[in-house]
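Trainee: got a predicted structure plus its sequence, pasted below:
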2 protein chains.
Amino acid sequence: MSSASAQRLSVHSRPTQTERRARSRSALLESAARGLSRYGYGNLVLEEVAREAGYTRGALYHQFKDKEDLALAVIEWVNENWMREVGEPAAQRTDPVAELLALARGHAVFCRRDIARVVMALRLEFAGQDHPVGRETERIWETGIKRCARLINAGRKAGSIPPGPPARAVALALLGALEGAVIALAGHTPHDELLAACAVAGVLGIDSHAEPL
Amino acid sequence: MSSASAQRLSVHSRPTQTERRARSRSALLESAARGLSRYGYGNLVLEEVAREAGYTRGALYHQFKDKEDLALAVIEWVNENWMREVGEPAAQRTDPVAELLALARGHAVFCRRDIARVVMALRLEFAGQDHPVGRETERIWETGIKRCARLINAGRKAGSIPPGPPARAVALALLGALEGAVIALAGHTPHDELLAACAVAGVLGIDSHAEPL
DNA sequence: TACCATACATACGTGCATGTATGTACTAAT
DNA sequence: ATTAGTACATACATGCACGTATGTATGGTA
C-alpha cells in the first residue's frame, strides 16, 4: 500500500488494486444514486444496483457494510458534488438575493442528472422516523434551511427582500418549492432554470425580472 | 339489504351491517392514507394500517382485494376530497389568476391534514414505472397540469399573466413548487397559505401583492 | 328459535430481499 | 514460484410482509 507500484496511476499497465477498488466503488455509488433517486430506499433492490454497475451483490457487500452504509455513502457523495457545483459557486455572490437565485438556478442545472431526487425522496421517505439515513438527509436539509434563512435575514436588513413571515418559514418554502419545481420539470431543459428562479423569487416576494444571469 | 331495517340510519339502535362496513372502511381508508403519506406504498405495512384503525389485516382483506386495491381506493378518496374542498371552490373564480391563487391557498389548507403527501409521495415512488397505482397518480397529476395550463393560457390572453415558457412547463413548475412548498411547510400553519400563493405567483411571473383574500 | 350471511380474527403458506459464509480469480510481495 | 491478501462471485440462511384459508362472532331473516 505504501510501495511505489501501489501509488502509481497505471497509464495503462494493469490496474492496481486500489485503483480497481476505487473504480468499482464509483460505479456502485453512481448506480445506487440513480436507484435511490428512482425507487427510494425501501424499494431499492441491491442486486439491481450491482447489476447496473456491472457487478454482483458480492462486490457491494465487499465495499459497503450493508444497505444503510451504502445509502449514507451515496448521500455524502451527492452532497459533496452539490456543494462543489452549486453551493460554493453561489457563495461567491455578495448580494444575498443574487446568491439565493444562483442557488436556484444552480440546483436546477444540477438536477438535470438523474441524481436529482435522491435527497428529496429520502427526506420524504424517512420524515418523522428515527433512521440513520433519515437523520443524515435531515441534517443536510437543515443546513440548507439555515443557509437560506441567514441570506433572507441579510437581504431584509439590506432592504432587497421585503418583510414577511419568519425567515425560517420562508426558507422552508423556498427550498421546498425549489425542489418540487425542479423535480416536476425534469427533462424540460431550457426552462427549468428560469422557472426555478421565478419560484424562489416569488417566495421571497421580489421581482424576478430584476436579476440577470 | 333491501329491507327497511337495513336502510334505516340507526339513531342509536345497534349498528346495521352496511353501516358497520362503512365505518370500518372509512377508518381503514383514513389510516391507509396517513400511512401512504408517511411511508409511501412499498414501505407501508398493512398490519400497522389495520392496527391504527383498530382492526386486523383480516378486516382489510375483507374490504379490499389487496394492497394495490387499497392504495387505489385511498387515491380516489383523497382526490374526491381535494376536488370538493379545493378544486371546485377555486373554479368559482372568474379570473384565471385568481383561480390559480385560490388553488394554491386551498391546497395549502387542505394539506394541513397529514394526508398531504399522498399524491406527491406516490408520484415520486412510481415515476417511470408501469404500476397501476403509478398510472392513477399520474392521471390525477396530469389532470391538474392540464387545468393549470389552460388557466395560464387564458390569463396570458387576458394580459394578467406575462408571456414566458410554454404553458405546460409553467404549469409543471407551478404544481411542483406548490406541492414542494406545502410539504416543506407542514405544521407552519399561519404562513403556509401565503407562502404557497407567493411561490405560485412567482412562477407565473406576477406580483403576488396584487391579489387579496 | 333456527338458519344464513356478513364482518372480522387467527393461522398458515409463500416469495423476495437482505445479510453471511464460502469459494475463486487476480494482484503483490518475498 | 510460492504465498498472502484483496476483489469479487456463488451459495446458503433468515426474516418480514403479503396473500389465503379457516375459524368465530355478530347482524339479518324466516
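Mentor: Noted; the coordinates are in hand.
Trainee: okay, now the unreliable bits of chain A?
Mentor: Scanning chain A for pLDDT under 70 picks out A:1-14, A:209-213.
Trainee: what does it put close to DNA strand D?
Mentor: Neighbours of DNA strand D within chain A, by CB under 7 Å from any atom of the strand: A:17-18, A:20-21, A:23-25, A:50, A:54-59, A:61-63. In this view, the C-beta of every residue, glycine as well, is placed from N, C-alpha and C.
Trainee: rerun that using 6 Å as the cut-off
Mentor: With CB under 6 Å from any atom of the strand as the criterion, chain A meets DNA strand D at residues A:17, A:18, A:20, A:21, A:24, A:55, A:56, A:57, A:58, A:59, A:62.
Trainee: helices or strands up against the helix or strand hosting the second one?
Mentor: What that stands for is residue A:18. Element membership for residue A:18, per DSSP states H and E: helix A:17-39. Secondary-structure packing of helix A:17-39 (3 or more CB pairs under 8 Å, 6 or more residues apart in numbering or on different chains; DSSP states H and E): helix A:46-52, helix A:57-63, helix A:67-82, helix A:118-126.
Trainee: that helix near DNA strand C at all?
Mentor: Yes. Helix A:17-39 is in contact with DNA strand C by CB under 6 Å from any atom of the strand, via residue A:17.
Trainee: go on, stretch A:42-54?
Mentor: Yes. For a cut-off given as CB under 6 Å from any atom of the strand, stretch A:42-54 has contacts with DNA strand C, namely A:44, A:45, A:46, A:47.
Trainee: coming back round to it: tell me which of the helices and strands packed on helix A:17-39 sits most buried.
Mentor: helix A:118-126 (a mean of 24; mean count of other CB atoms under 10 Å in any protein chain shown).
Trainee: by residue count, what's the longest helix in chain A?
Mentor: Counting residues, the longest helix in chain A under DSSP state H turns out to be helix A:132-158.
Trainee: following element in sequence after that helix, please.
Mentor: Counting by DSSP H and E, the element after helix A:132-158 in chain order, helix or strand, is helix A:167-184.
Trainee: name the residues of that next one that are buried.
Mentor: Within helix A:167-184, the residues that count as buried by 16 or more other CB atoms under 10 Å in any protein chain shown are A:167-184.
Trainee: quick one: list the elements packing against it.
Mentor: helix A:96-110, helix A:118-126, helix A:132-158, helix A:192-204, helix B:167-184, helix B:192-204.
Trainee: dump the helices and strands packed on helix A:17-39 to TSV, plus distance to residue B:135.
Mentor: TSV is the format used below for those (distance: least, CB to CB, whole Å):
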stretch	distance to residue B:135
helix A:46-52	22
helix A:57-63	31
helix A:67-82	28
helix A:118-126	20
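Trainee: go through the ones you listed and name the closest to residue B:122.
Mentor: helix A:118-126 (10.7 Å; CB to CB).
Trainee: quick one: that closest one near DNA strand C?
Mentor: No. Judged by CB under 6 Å from any atom of the strand, helix A:118-126 makes no contact with DNA strand C; its nearest approach is 13.8 Å.
Trainee: contacts for that helix, please.
Mentor: Residues from elsewhere that reach helix A:118-126, judged by CB atoms under 8 Å, 6 or more residues apart in numbering or on different chains: A:33, A:36-37, A:40-42, A:71, A:74-75, A:78-79, A:133-135, A:137-138, A:140-141, A:179, A:183, B:39-40, B:43, B:117, B:120-121, B:124, B:180, B:183.
Trainee: so who does the residue in chain A that chain B sits nearest to touch?
Mentor: Residue of chain A nearest chain B, by CB to the nearest CB: residue A:202 (1.4 Å). Listed by CB under 8 Å, 6+ apart, the contact set of residue A:202 reads A:177, A:208, B:198, B:199, B:200, B:201, B:202, B:203, B:204, B:208.
Trainee: leaving out chain neighbours, which residue sits closest to it?
Mentor: residue B:202 (1.4 Å; CB to CB, 6 or more residues apart in numbering or on different chains).
Trainee: which secondary structure elements does the longest helix of chain A contact?
Mentor: helix A:67-82, helix A:96-110, helix A:118-126, helix A:167-184.
Trainee: turn these into a markdown table, including distance to residue B:162.
Mentor: Compiled in a markdown table, the helices and strands packed on helix A:132-158 are given as follows (distance: least, CB to CB, whole Å):
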| stretch | distance to residue B:162 |
| --- | --- |
| helix A:67-82 | 32 |
| helix A:96-110 | 18 |
| helix A:118-126 | 29 |
| helix A:167-184 | 18 |
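Trainee: so which of those helices is nearest residue A:158?
Mentor: Closest to residue A:158 of the helices and strands packed on helix A:132-158 is helix A:96-110 (CB to CB; 6.7 Å).
Trainee: how close does the residue in chain A that DNA strand D sits nearest to sit to residue A:64?
Mentor: Among all residues of chain A, residue A:58 sits closest to DNA strand D, at 2.1 Å; criterion: CB to the nearest atom of the strand. Distance, residue A:58 to residue A:64, by CB to CB, to the nearest Å: 12 Å.
Trainee: tally of neighbours for residue A:166?
Mentor: Look at residue A:166: counted by other CB atoms under 10 Å in any protein chain shown, it has 14 neighbours.
Trainee: quick check: residue A:104 touching residue A:177?
Mentor: No. Residue A:104 is not in contact with residue A:177 according to CB atoms under 8 Å; the separation is 9.3 Å.
Trainee: burial count for residue A:160?
Mentor: With other CB under 10 Å as criterion, residue A:160 counts 17.
Trainee: and the residue lying closest to it once chain neighbours are set aside, what does it touch?
Mentor: Spatially, and ignoring its direct neighbours in sequence, residue A:160 is nearest to residue A:97 (4.8 Å; CB to CB, 6+ apart). Residue A:97 makes contact with A:155, A:160, A:161, A:204, A:206, A:211, according to CB under 8 Å, 6+ apart.
Trainee: can you tell me how far residue A:97 is from residue B:103?
Mentor: 27 Å.
Trainee: equivalent analysis for residue A:51, please.
Mentor: Applying CB to CB, the value for residue A:51 to residue B:103 is 43 Å.
Trainee: about what we covered before: hmm, which two among the residues of chain A next to DNA strand D are most spread apart?
Mentor: That would be A:18 and A:57, which, of the residues of chain A next to DNA strand D, are the farthest apart (CB to CB) at 22.1 Å.
Trainee: good, we can wrap up now.
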